[in-house]
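*Asks:* sequence-free structure coming up:
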């Protein structure tokens, strides 16, 4: 892996920092934090402001709304968003996950139409894979799409999906051929969530951000909603996992949480106990390893050589590290950390403590990630695993 950070990335990081410090960003962020919509707080107006500045898709080609920079610009952007407390889940799902798959595998019409709108945040997207009773077993999905004239009719239910209430478009996995194998009968569609027959209900969550339950009842879509070809969904899902599981967002949050905890431990000139300082150093070292793993995955994606086992290992390491930091902060700072005080840092760590349990489940449970890694290594060594 190339450890050099291009000067263009450093300039971009400074530009992003300046934009995130503007009064307009502060005003829009306060609107999000007020949560006047009764849910997570609608971040789309803030994203559109950042999209107008051209910073949300720095690694995409210019013709699709990007800057034509390399993957290190995306790393710098995520670090800055988290450090400035900008909610990033909708951005990661829409641009980094769905957008990256469209960039890699979409038709030219889909790339030319959808990507510039996603880069400007005029269009947001979510992922609808998980179903009741089929959490990590995506191949067991039962939502169907049936051919009807010149289009398709979708029926079924998706659950525990983030940001669906704020998305215009859903990358939805359905079963189009019940007679074929579990993996061969899956197809992806880009479904407008404003379509008649789509019902979205919030699911309360321990973390700040709610999940959603989505019902499809006789939802009609045209052929242009088809992503890839009928039956090719599983290979596309696997391709997207390599981009979804970079671990970058987990690394960025863990880094921010550790910085906040470290500042609180040393405020007013205090010197932490030796064991606490050892823990701080240990967590910082793990974070550096997380960043390197994420960057290796992203560099491979940029070069067109994704590795699902490598991505799974990065997701495992980064999410486990961030989770450990959130729980360690409580031990280091005491139960006062859980009180919602006026200081933003207090709320950041309290929210981190509530978010931590789900980090090693969402986006791929740790056990599943390790199973993928171990299986890949077994086959790489020419073994059968018997």
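*Replies:* Looks like it came in fine. Note that the structure is predicted; figures quoted are calculated from it, not measured.

*Asks:* which element follows the helix ranked longest in the chain toward the C-terminus?
*Replies:* Longest helix in the chain by number of residues, with DSSP state H as the criterion: helix 274-302. Beyond helix 274-302 on the C-terminal side, the first helix or strand identified by DSSP states H and E is helix 308-333.

*Asks:* average pLDDT across that following helix?
*Replies:* The average pLDDT within helix 308-333 is 95.

*Asks:* Buried ones in whichever helix or strand comes after it, by neighbour count?
*Replies:* Sequence-wise, the next helix or strand beyond helix 308-333 is helix 344-359, with elements assigned using DSSP H and E. Residues of helix 344-359 classed as buried by neighbour count (16 or more other CB atoms under 10 Å): 345-353, 355-356, 358-359. To be clear about C-beta, it is placed using only N, CA and C from the backbone, and glycine gets the same treatment.

*Asks:* which of these lies closest to residue 190?
*Replies:* residue 358 (26.5 Å; CB to CB).

*Asks:* Just give the closest residue to the closest one, not the sequence neighbours.
*Replies:* Once its chain neighbours are removed from consideration, residue 358 has its nearest residue in residue 207; the separation is 6.0 Å (CB to CB, 6 or more residues apart in numbering).

*Asks:* Contacts only, for the one you found.
*Replies:* With contact set as CB atoms under 8 Å, 6 or more residues apart in numbering, residue 207 has these partners: 351, 354, 355, 358.

*Asks:* for these, which one is nearest residue 215?
*Replies:* Distance ranking of these against residue 215, using CB to CB, places residue 358 first at 22.9 Å.

*Asks:* how close does the closest one get to residue 30?
*Replies:* Residue 358 sits 26 Å away from residue 30, taking CB to CB, to the nearest Å as the criterion.

*Asks:* in whichever helix or strand residue 375 is part of, what counts as buried?
*Replies:* Counting by DSSP H and E, the element that carries residue 375 is helix 366-380. By neighbour count on 16+ other CB under 10 Å, the buried set for helix 366-380 is 366, 368, 369, 372, 373, 376.

*Asks:* And the residues you listed, which is closest to residue 56?
*Replies:* Looking at the buried residues of helix 366-380 and their distance to residue 56, the nearest is residue 369, at 27.4 Å (CB to CB).

*Asks:* give the contact list for the closest one.
*Replies:* When contacts are counted by CB under 8 Å, 6+ apart, residue 369 is found next to 245, 312, 313, 315, 316.

*Asks:* where do the strands sit along this protein?
*Replies:* With strands called from DSSP state E, the chain shows them at 125-128, 144-148, 151-162, 169-175, 186-192, 198-203, 211-222, 226-227.

*Asks:* Quick one: list the elements packing against the first one.
*Replies:* Meaning strand 125-128. With contacts defined as 3 or more CB pairs under 8 Å, 6 or more residues apart in numbering; DSSP states H and E, the secondary structure elements packing on strand 125-128 are strand 151-162, strand 169-175.
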